[in-house]
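Peer 1: Starting from these lines, generate the structure:
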Amino acid sequence: MPGISDPVSSGGSPAESDTWKDLLRDLVRLELKRGCQDDAAVGGFAQLALATVEGSCTRTQPAVDHGVSNELRSLLVDYQFLPKHTRADRCSALLALLDDSKSPPAGSPLPAGAPPARATLVSKPPADNMKALLQVLEEPVSTLWGVGPRVQEIMGKLGVSSIADLLQHAPKGYLDLRYPAELSRESLGQMVLIKARLLTVTEIRRKVLLVKASVRDPGGRVLHLVWFNNRFVRNRLQAGHDYDFYGRLENSFEGAQLMQPAFEESGTPAAQLHMNRIVPLYHLTSGITQKGLRAHLWRAVGRIPSSTAEYLPRDVASHFQLPDLAWSYRSLHFPSDEREAEKARSRFAFDSLFLFELRVLMRRHAEQDVPGSPFDLPTGTVERYVGVLPFVSTASQAAAMRDIEGDVRRPRQMHRLLHGDVGSGKTAVAGYAAYAAKVAGYQSAVLSPTEILAEQTGRVLQELLAPLGVRVATLTGGMTKSQRRSILGAVATGGVDCLVGTHAILEEGVVFERLGLSVVDEQHRFGVAQRVALGTKGKEPHSLVMSATPIPRTLALTIYGDLDISELVEKPPGRFPIQTHLLTATTRDSAYAMVREQVAQGRQAFIVVPAIDPASDEGDGTASVEETMRELTEGSLKGLRVASLHGRMKSSDKQSTMDAFRFGNLDALVATTVVEVGVDVPNASVMVIEDAEKFGLATLHQLRGRVGRGSSVSHCILIQGNVTAEGTERLQVLVDSDDGFQIAEEDLKLRGPGDILGTVQHGYDVPLFGSTALLSYRDLSALPDIRKIASELLEHDPSLGAPEHADLACMLSLRYPASKPGMEDN
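Peer 2: Numbering: from 1, shown residues only. This is a model prediction of the structure:
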């Protein structure tokens with residue numbers, strides 16, 4: 001069978017080896033003579049040719065013939081699906097391969113057969129093997145058969161542009177279709193594989209197109225099959241032919257039946273790919289199907305040389321007992337059993353973490369020597385700033401300010417992350433950095449992800465810094481031309497000390513007189529290019545990035561390993577803990593009874609829903625702003641002042657609505673997650689989140705942080721629309737804890753690192769870890785060991801310039817295309 005199989009031993013006689021080749025050569029010539037109709041044999045040319053090749057693999061054969069068999073198989077396995085002119089090319093390639101077994105054609109389009117007999121790498125394979133594999137990995141995905149401009153564009157949405165990207169698109173799971181089901185009462189309701197002969201097929205046209213078929217399995221039992229509105233099924237089925245069907249087994253008045261089963265004709269290459277094996281399942285995007293993507297991956301795997309290949313240093317591969325790279329690519333996508341799949345997944349999880357550690361450490365090393373403008377700060381600068389604050393700073397805020405002061409005094413650029421939980425006071429620390437820049441004679445720029453947050457940050461910094469003589473201005477895209485012109489003029493002439501804004505700050509017309517500090521808030525929401533653009537507005541400005549995204553501390557040390565980190569672990573004194581409640585739809589009314597109660601006491605409420613309008617809904621009843629507004633204003637919150645807020649509104653409308661809420665002119669705000677980050681309304685004491693199970697824990701924790709900022713007890717009410725045991729367990733984490741880092745750790749255990757890493761990766765031009773589907777919680781336990789080995793390797797070869805690390809350097813630049821050794825990309 002084509003695909004991954006057990007290796008065979010070498011041996012056999014030349015005469016035996018030549019016999020099957022002669023038979024196949026004659027068959028190919030006949031197929032060419034008949035015009036490549038796939039009819040040179042009863043049952044099809046490709047089917048008999050494949051059987052001939054497979055038969056050769058059942059006998060002992062010279063090692064070179066084993067490789068030839070793999071190449072022949074790869075040329076035949078999708079033959080029946082090809083257009084005639086491509087079939088002719090394949091036949092010519094088959095003859096060339098048979099005539100010169102020592103020179104197989106390069107770039108065969110389908111899998112090249114068996115993995116090495118020992119998957120675990122014992123010694124590093126020859127460099128030429130890895131060079132050949134790297135050449136394949138670097139090829140654009142458009143070199144695969146069937147990937148034209150349209151498919152290439154669709155794959156681009158999946159982050160796939162090269163063969164390497166495609167192979168890195170890991171399966172999200174597998175179906176075990178190796179064995180047909182034993183039909184029994186216990187099988188009812190289960191997804192099953194059934195092999196059967198088609199007896200009849202009929203098409204019934206009513207309001208919906210109905211296709212019905214009956215089949216008989218090898219045991220003589222008759223089953224019925226049903227498809228709805230599928231006009232292609234009838235043309236693909238022929239009575240008397242054998243098929244493999246996969247679907248849910250149900251009982252009907254006619255007997256056992258399969259509803260809407262997938263199927264392939266038995267014994268065909270398609271059946272060998274999509275049935276009768278452990279079948280990979282992938283994350284998709286609009287315009288591509290599981291079968292289509294699986295076929296492209298089948299062809300990509302076929303490009304991989306059959307010999308072992310490895311880019312890792314021998315001691316690294318040996319230390320972690322890693323399987324061979326070429327074997328791992330094949331076994332990740334088309335494993336022969338679950339053990340192989342897990343071993344391959346674990347291998348690529350290691351690769352993702354190891355390459356990222358190298359990237360981070362190399363970048364950190366490169367940035368250590370980047371010169372910066374030292375701030376000449378008088379003694380007592382921190383004390384003077386803290387002395388005018390309208391609140392008592394926490395110990396961790398004071399420590400972070402000292403960290404920043406130490407950084408900016410040095411003649412090299414500061415690269416520091418201010419990492420704190422929701423409500424821990426990051427803006428006040430950023431205010432100190434802006435004040436230090438002013439004292440040293442420099443300007444500062446603060447980049448915010450949304451206009452609402454920019455307006456709020458500007459207002460808070462104005463309140464904190466005005467007593468110290470720091471002039472703060474806010475620049476957003478929604479300003480009038482005259483407002484914008486006035487602010488830009490002041491910035492260019494030094495009339496503004498601290499400019500706060502959205503991406504509008506990055507535009508060419510924004511010129512600073514003397515920018516010495518850039519601050520990026522919620523840095524994962526900006527791309528690398530945007531963050532770099534802000535840095536070019538001045539001469540080596542110091543850089544401070546802030547994040548409230550809760551990430552377990554051990555993982556943060558890896559993700560932000562190129563930055564110095566200051567953590568805010570306490571919240572300002574005087575705040576009450578937020579009381580979190582978990583309700584279901586049946587007790588939903590009590591949530592809005594609490595809203596009315598809080599409003600009666602002069603408080604306000606946020607109501608957050610997943611969608612903007614019903615059109616965003618996929619028919620599962622997801623709450624939307626539009627429907628929730630109508631329902632609440634006509635029912636539970638009738639008579640209250642309620643408005644909506646979402647991302648599709650004009651900037652001016654969003655700002656006026658937010659101002660009305662902030663000034664107490666609204667009682668409740670129905671919104672999407674546009675209020676997730678940074679919105680600060682101390683009078684808001686209730687946060688109701690509809691369909692809470694549809695949000696990640698990190699987002700829910702951020703939303704909860706919008707309340708509890710005043711001096712009264714606040715409440716967060718999670719309404720679980722679709723109640724499942726798993727969903728309830730996850731949401732209960734929020735009920736039990738208000739520590740963002742602990743919540744992140746629990747979420748990591750429950751759902752793996754995919755969501756957290758996906759959020760962090762958003763702000764980068766390439767995925768930091770490749771496909772997060774590769775990573776599991778247990779993989780992260782190896783991070784300290786991986787970091788240690790990566791660090792030791794770079795101590796001896798900081799730029800990976802040594803000949804023995806050439807393949808590793810190539811693999812690193814392949815994973816991070818803009819990142820050559822030295823990490824100058826960002």
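Peer 1: When you work out contacts or count neighbours from here on, use the C-alpha atoms and nothing else.
Peer 2: OK.
Peer 1: if you skip the residues just before and after it, what's nearest to M401?
Peer 2: V429 (6.2 Å; Cα to Cα, 6 or more residues apart in numbering).
Peer 1: can you check V723 too?
Peer 2: Across the structure, with Cα to Cα, 6+ apart as the measure, the residue nearest V723 apart from its sequence neighbours is T584 (7.3 Å).
Peer 1: List phi and psi for that neighbour.
Peer 2: For T584, the backbone dihedrals are phi -110, psi 180 (criterion: degrees, to the nearest 10).
Peer 1: Give the full set of residues in contact with it.
Peer 2: With contacts defined as Cα atoms under 8 Å, 6 or more residues apart in numbering, the neighbours of T584 are I719, Q720, G721, V723.
Peer 1: wait, which of the residues you listed is closest to L637?
Peer 2: Proximity of the contacts of T584 to L637, judged by Cα to Cα, is greatest for I719, which lies at 16.7 Å.
Peer 1: Surely that closest one is in a helix?
Peer 2: No: the assignment for I719 is strand, going by DSSP: H, G, I helix; E, B strand; the rest coil, so no helix is present there.
Peer 1: Give me the pLDDT value at it.
Peer 2: I719 is assigned a pLDDT of 96 by the prediction.
Peer 1: In this structure it contacts D589, no?
Peer 2: No: under the contact definition of Cα atoms under 8 Å, I719 does not touch D589, with a separation of 10.3 Å.
Peer 1: More neighbours: those two, which one.
Peer 2: I719 (23 against 13; other Cα atoms under 10 Å).
Peer 1: So for whichever strand or helix holds P784, mean pLDDT?
Peer 2: Applying DSSP states H and E as the criterion places P784 in helix 783-796. Averaged across helix 783-796, pLDDT comes to 92.
Peer 1: Buried residues, that helix. List them.
Peer 2: Of the residues in helix 783-796, those buried by neighbour count under the rule 16 or more other Cα atoms under 10 Å are L783, I786, R787, I789, A790, S791, L793.
Peer 1: Most widely separated two among those?
Peer 2: L783 and L793 (15.3 Å).
Peer 1: quick one on the thing from earlier: which elements pack onto the helix or strand immediately after the helix holding P784 in the chain?
Peer 2: Once the chain leaves helix 783-796, the next helix or strand it forms, by DSSP H and E, is helix 806-815. For helix 806-815, the contact count by 3 or more Cα pairs under 8 Å, 6 or more residues apart in numbering; DSSP states H and E identifies helix 127-138, helix 338-367 as packing neighbours.
Peer 1: Deepest-packed of those, please.
Peer 2: Relative to the other members of the helices and strands packed on helix 806-815, helix 338-367 carries the highest mean neighbour count by mean count of other Cα atoms under 10 Å, namely a mean of 21.
Peer 1: Is L583 bridged to anything, and to what?
Peer 2: Taking DSSP bridges, one obtains I719 as the residues bridged to L583.
Peer 1: I figured it was touching I719, is that so?
Peer 2: Yes: using Cα under 8 Å, L583 makes contact with I719 at a distance of 4.8 Å.
Peer 1: anything in contact with each of the two?
Peer 2: Both L583 and I719 lack any common contacting residue under the criterion Cα under 8 Å, 6+ apart.
Peer 1: Count the residues that sit near the residue nearest to A344 when sequence neighbours are not counted.
Peer 2: Of all residues beyond its chain neighbours, the one nearest A344 is S328 (4.6 Å), with distances taken as Cα to Cα, 6+ apart. Counted with other Cα under 10 Å, the neighbours of S328 add up to 25.
Peer 1: dump the residue contacts of S328.
Peer 2: K343, A344, R345, R347, F348.
Peer 1: go on, N722?
Peer 2: Counting by Cα under 8 Å, 6+ apart, N722 touches D691, E693.
Peer 1: mean confidence for the strand of greatest length in the chain?
Peer 2: Using DSSP state E, we find that the single longest strand of the chain is strand 191-205. Predicted confidence along strand 191-205 averages 93 (mean pLDDT).
Peer 1: Repeat that for stretch 351-362.
Peer 2: Within the predicted structure, the mean pLDDT of stretch 351-362 is 90.
Peer 1: so how far is that stretch from its chain's centroid?
Peer 2: The gap between where stretch 351-362 is centred and where its chain is centred comes out at 17 Å by Cα atoms, centre = their mean, to the nearest Å.
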